[in-house]
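Trainee: curious how this folds, go ahead:
(2 chains)
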Amino acid sequence: MTRSDRVTRYSATVLAVVAGLGIASVHWLGIVAGAALVALPQRTTVRGLVAGVAFGALTLCVAAVGLLLVGPDALPVALEMTQPLGVAVGAALVGGAVGGLARGVVG
Amino acid sequence: MTERSGDLTRRALLAAVGGGAVAGGFLGPVRGYLSAFAPLSGGTWDAAADDPPVRVDSAHGDATLRYDDAGVPRIEAETEAALSFAAGYAQGADRLFQMDLQRRQLRGNLSAVVGEATLDSDRFHVGMDFAAAADATWAEVRDTDAGPLVEAYCDGVNRARADLPLPVEFTLLDYEPAPWTPADVMLAEKLIAWGLTGSFRTLRKETLRAELGADAATTLIPDRLDHDAAILGHDGATNDWPVPLGSAVRPPAEDDDRSTRAALGTDPGLDRWLSGVEPPAWAGSNSWAVSGEHTASGDPIMANDPHLTLMAPPVWYEQVLRHPEYEVRGVTFPGVPFVVIGENDRGAWGFTNAGCDVIDFYEYETRADGTEYRYGDRWRSFDIETRTIEVAGAPDVDVDVKKSAHGAVLGATAGGDEFRSELGVAWTGLSATRTTSAILDLNRSRGAADVDEALRRFDEPTQCFVYAGHDGSVRYRVTGQVPIRRTDGDAVAGNRVFDGTAREGEWAGYTPYGESSWDGFIPYEEMPHVDDPPYVGTANQRVVDDAEYPYYLAEDYSEPFRGIRLWERLDALVDGGDVTAADLRDLQRDVHDGRLAHFRPVLEDARDELSGAARDDLGTVLEWDGEAVGSERAPLLFVHFLDAYEGRFVADALGDLDGRRDAAAYAPTQWVLATLGDEWFDGGRAVAAADAFEKARERVGAEGWELYRDYNRTRIDHPFDQSFLNYPRYPTDGSAATLFNFRVEAGAGSSWRQVCPQNDTPSRCILPGGNDGNPYAESYDDQLAAWANGEFKPMDRAMSGDLAVRFVGGDEA
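Mentor: Numbers count the residues shown, from 1 in each chain, chains lettered A, B, ... in the order given. All right, here's what the predicted structure looks like:
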């Protein structure tokens, strides 16, 4: 993979996002794995870390959209769930950051 | 360090941090939280999307399931089995957690998922062995028409359980429900039957007799309340009822034949335990029917609103079932296939609690460390079995389940006092019952004759059944089996603890955990009933005056405030002529609180002891018209005065009770409380009443309440008491004593309202909440605001709404 090629990098990132969301829909570890996949095409470790966290945040957004599609009451109810919501946000951001570290490990 | 080795160290460090975090997530306590709450994959969020698949294969035949705008399933099928399968699927989709929780409660395994907080409840329910009674009941029902339908229903519940995401509560508690079984269906019946007829009043009265004397016990807990509002015998309405001659000699209703044995109090430990698990005494309801003779349309109209716990989701589940031979709409208990209260295309029916005495208590002479008891001339071994109660987060607990010839035996470790620490319990619900078949036959009924026949199998609970049919018929009947107790061949009342060893108070024909017969019970034909009365009204008041009925029927009845008001309003409506369904909906919204008139002498006593603003406030209450509406201040002060006055009575009069007891549990009814004189209060009644009124003003002021609506608000919560599961709060009218029934402190009231004219005019109904138990769904609480406002929704039986599921059976499957 050539990280300096923007098209290749972007394409790999998009593919990683799609694959990551798929895995994250099955198991919480998918957030870490998805974040790692998204981080790998990035040019630096810091950018990889940021991409991982952004992926985690994206899982939250996708979950919110999913609840919106269920019905008008679903998202407001979810936002009332203080503790579960806290765990969800924490899992998304910490999991994303942990996955993002993969960029620094792989080099 | 070289650049390469530094790079490797950095990578290793990052790998260690990442790997450690992942390992921590997998192996640490956070794992469960991540599985439950992680975005996208967490079960908490998955539960939001519980739409069923559009096609479900069924071994029971074709059916369609639609949901209307209120989340009410409308199911149509050619066969009853297909109908039941689809009903099971809908209930499994909408109420699975509630069903499982209630099943756990009655089986005594709540603690396995909740923890030690429910251990007392589990010990009681295991001790009573409701599960064995349900098994016996299923053995009785299995070979009837209802049996295959119950099995089809269970298949439907279990298919939904497999097809759909589990409700969010299962994720929060981290467990999966076991399959729903026919015995679980029978358990749901036991749950409501116990809630309506399980009572330890006998024990409380014996304890009062032992600790305060017979006179005090009779004054504070009289068996009959002084009023003229009995259901049967009301002039112009039910005075033409068939009074039976009776084959039994009526036993004395009061205490006068109990003097042969000294009263003995219940052990305080046993007392506390039983008080904690006893069904609330307020469970009641309203129901009435007016015949076509008095209605504008010339057709009868019936109405019913059962008063039960208000909870999220509601105690009832509404459903519409259409079969080629009948169509029925109404409510059932989640976990039960058939409509319990509702109407079909030929008639409408409802229930109120009759309050008959179907429970007795026995004490025994024992030996061999309590493992044997004397029964007549012989010694018998108790049937003892050790069961294990699983407790989440704590060690399992072993309990002995003990049974005698009479039924369950409940006990507590004696503290060395002269108290009863062990009691045999006979309850009609411990025997096999056929109520499921009776309910099915009500669903199928084609008129009053079918209804009369169906109720022969309604073994429990004892209820006041009211029916109105398209054929112009009206029915009132007390359902259920009421035992005739006999000692040495003579009929005796059931309002005492019997000497089981001497074989006192035996029930002939009764087999606990087995099959009973009608021998030894009041014959069906002689149970209180009236066919085609001009009108009838029931509100849990006395069924019939004792002098007019040859059998012992009930130990006591509910307070008559609603019953008196109901007859007043019904009489006036009938006198006015041309009663309409709107009139009867207005009657369900009646908020006149009869307690004001009953307590007026007490309040007037207090006036002389008050001055200034307190006296002005009391004047406001005395000038109030008794209408418990939110815009008034007087009901706010009045209901808190009642609470404070009762508290004052308990402190003054029940202080001599053993201090290990909850004295408040021995407080008299409000009907009695209002009649108690100076001798029951330190310093006299007027001082006590004034003090109570001051306390009421203090509480109202401290809470910042101005009007009744500030206090009288819905407070309907989920068992988990989480904000996202609890229902929103709405102000409402009514009180504990009004027909429009709402008990804010008890979290109880009208759990369903239906008014059903027996012509082409649409019936109307409402639930206090919503039909769907999924908190993410719009139908979770969409009826609550309208319910609080006293509004109704249409109760038609059309197959409207979008097709949700097509059940495909036979060759297509």
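Trainee: in chain A, which spans are helices?
Mentor: A:6-24, A:29-39, A:45-70, A:74-80, A:82-100, A:102-106 (DSSP state H).
Trainee: could you give the average pLDDT over the third one?
Mentor: Put plainly, it is helix A:45-70. On average, the pLDDT along helix A:45-70 is 94.
Trainee: starting at the chain centroid, how far to it?
Mentor: Between the centre of helix A:45-70 and the centre of its chain there are 4 Å (CA atoms, centre = their mean, to the nearest Å).
Trainee: what helices and strands are in contact with that helix?
Mentor: For helix A:45-70, the packing partners by 3 or more CB pairs under 8 Å, 6 or more residues apart in numbering or on different chains; DSSP states H and E come out as helix A:6-24, helix A:29-39, helix A:74-80, helix A:82-100, helix A:102-106, helix B:43-46. Placement of C-beta: from N, CA and C, glycine included.
Trainee: can you give me the pLDDT of residue B:414?
Mentor: Here the pLDDT value assigned to residue B:414 is 75.
Trainee: residues near it, how many?
Mentor: 15 (other CB atoms under 10 Å in any protein chain shown).
Trainee: could you check how far the closest residue to it other than its chain neighbours is from residue B:658?
Mentor: Nearest residue to residue B:414 in three dimensions, chain neighbours excluded: residue B:421, at 3.9 Å (CB to CB, 6 or more residues apart in numbering or on different chains). Distance of residue B:421 to residue B:658, given as CB to CB, to the nearest Å: 13 Å.
Trainee: so between those two, which is more surrounded?
Mentor: Using other CB under 10 Å, the more surrounded residue of residue B:421 and residue B:658 is residue B:421, with 20 against 16.
Trainee: shouldn't the more buried one be in contact with residue B:267?
Mentor: Yes: counting by CB atoms under 8 Å, residue B:421 does reach residue B:267; the two are 4.1 Å apart.
Trainee: now the common contact residues for the two.
Mentor: Jointly contacting residue B:421 and residue B:267 under the rule CB atoms under 8 Å, 6 or more residues apart in numbering or on different chains are B:412, B:414, B:415.
Trainee: between the residues you listed, which is nearest chain A?
Mentor: Nearest to chain A among these is residue B:412, at 38.1 Å by CB to the nearest CB.
Trainee: give me phi/psi at the closest one?
Mentor: Per-residue torsions, residue B:412: phi -130, psi 160 (degrees, to the nearest 10).
Trainee: one more: residue B:422?
Mentor: Dihedral angles for residue B:422 - degrees, to the nearest 10 - are phi -150, psi 140.
Trainee: okay, the helices of chain A, which one's buried deepest?
Mentor: Among these, ranked by average contacts under mean count of other CB atoms under 10 Å in any protein chain shown, first place goes to helix A:29-39 (a mean of 27).
Trainee: which strands and helices sit next to that one?
Mentor: Of the remaining helices and strands, those touching helix A:29-39 by 3+ CB pairs under 8 Å, 6+ apart are helix A:6-24, helix A:45-70, helix A:82-100, helix A:102-106, helix B:3-27.
Trainee: quick one, which of those is nearest to residue B:600?
Mentor: helix A:82-100 (48.6 Å; CB to CB).
Trainee: can you put the helices of chain A in CSV and add distance to residue B:529?
Mentor: Shown next, in CSV, are these (distance: least, CB to CB, whole Å):
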stretch, distance to residue B:529
helix A:6-24, 64
helix A:29-39, 65
helix A:45-70, 50
helix A:74-80, 48
helix A:82-100, 53
helix A:102-106, 78
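Trainee: right, and the ones you listed - which one's nearest residue B:643?
Mentor: Among those, helix A:74-80 comes nearest to residue B:643, with 32.0 Å by CB to CB.
Trainee: quick one: the closest one near chain B?
Mentor: Yes: counting by CB under 8 Å from any CB of the partner chain, chain B is contacted by helix A:74-80 at A:74, A:77, A:78, A:80.
Trainee: and the closest residue to residue B:168 other than its chain neighbours, what is it in contact with?
Mentor: Computed as CB to CB, 6+ apart, the closest residue to residue B:168 that is not its neighbour in sequence is residue B:47, at 4.0 Å. Residue B:47 makes contact with B:165, B:166, B:167, B:168, B:171, B:774, B:776, according to CB under 8 Å, 6+ apart.
Trainee: closest to chain A among those?
Mentor: residue B:776 (4.1 Å).
Trainee: any idea which element that closest one lies in?
Mentor: If you go by DSSP states H and E, residue B:776 is not part of any helix or strand.
Trainee: contacts only, for it.
Mentor: When contacts are counted by CB under 8 Å, 6+ apart, residue B:776 touches A:67, A:70, A:71, A:73, A:74, A:77, A:78, B:47, B:48, B:168.
Trainee: how about the stretch 301-450 of chain B: which residue is closest to chain A?
Mentor: Distance from chain A to each residue of the stretch 301-450 of chain B (CB to the nearest CB) is smallest for residue B:312, at 12.4 Å.
Trainee: got the phi/psi numbers for that residue?
Mentor: Per degrees, to the nearest 10, the backbone of residue B:312 is at phi -110, psi 120.
Trainee: quick check, it in contact with residue B:781.
Mentor: Yes: Residue B:312 lies in contact with residue B:781 (CB under 8 Å); the separation is 7.2 Å.
Trainee: just the C-alpha atoms of the helix or strand encompassing residue B:304, please, in CSV.
Mentor: With elements taken from DSSP H and E, the one containing residue B:304 is strand B:301-309. Provided in CSV are the C-alpha atoms of strand B:301-309 (Å, rounded to 0.1, in the frame of the first residue of the first chain):
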residue,chain,number,x,y,z
ILE,B,301,-74.7,-1.3,27.7
MET,B,302,-72.0,-2.6,30.0
ALA,B,303,-68.9,-1.0,31.4
ASN,B,304,-65.9,-2.2,33.4
ASP,B,305,-62.7,-0.7,34.8
PRO,B,306,-60.6,-3.1,36.9
HIS,B,307,-58.4,-1.4,39.5
LEU,B,308,-55.0,-3.0,39.7
THR,B,309,-51.4,-2.0,39.9
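Trainee: distance between it and the chain's centre?
Mentor: Its chain's average C-alpha position is 12 Å from that of strand B:301-309, according to CA atoms, centre = their mean.
Trainee: one more: stretch B:199-211?
Mentor: Using CA atoms, centre = their mean, the offset of stretch B:199-211 from its chain centre is 23 Å.
Trainee: hmm, back to that, okay, the residue nearest to residue B:168 and residue B:801: tell me how far apart.
Mentor: 22 Å.
Trainee: same thing with residue B:553?
Mentor: In terms of CB to CB, residue B:553 sits 45 Å off from residue B:801.
Trainee: cool, and residue B:441?
Mentor: 28 Å.
Trainee: between these two, who's got more neighbours?
Mentor: Neighbours were counted for residue B:441 and for residue B:801 using other CB under 10 Å; residue B:441 has more, 22 against 17.
Trainee: list the contacts of the closest residue to that one other than its chain neighbours.
Mentor: Nearest non-adjacent residue to residue B:441, counting by CB to CB, 6+ apart: residue B:454, 3.5 Å away. Counting by CB under 8 Å, 6+ apart, residue B:454 touches B:438, B:441, B:442, B:445.
Trainee: what about 6 Å?
Mentor: If a contact means CB atoms under 6 Å, 6 or more residues apart in numbering or on different chains, then residue B:454 has B:438, B:441, B:442 as its contacts.
Trainee: with residue B:778 instead?
Mentor: A:71, A:73.
Trainee: can you give me the helices for the stretch 551-700 of chain B?
Mentor: With DSSP state H, counting those that start in this stretch as the definition, the stretch 551-700 of chain B shows helices at residue ranges B:561-576, B:581-588, B:595-607, B:612-623, B:634-653, B:670-673, B:685-703.
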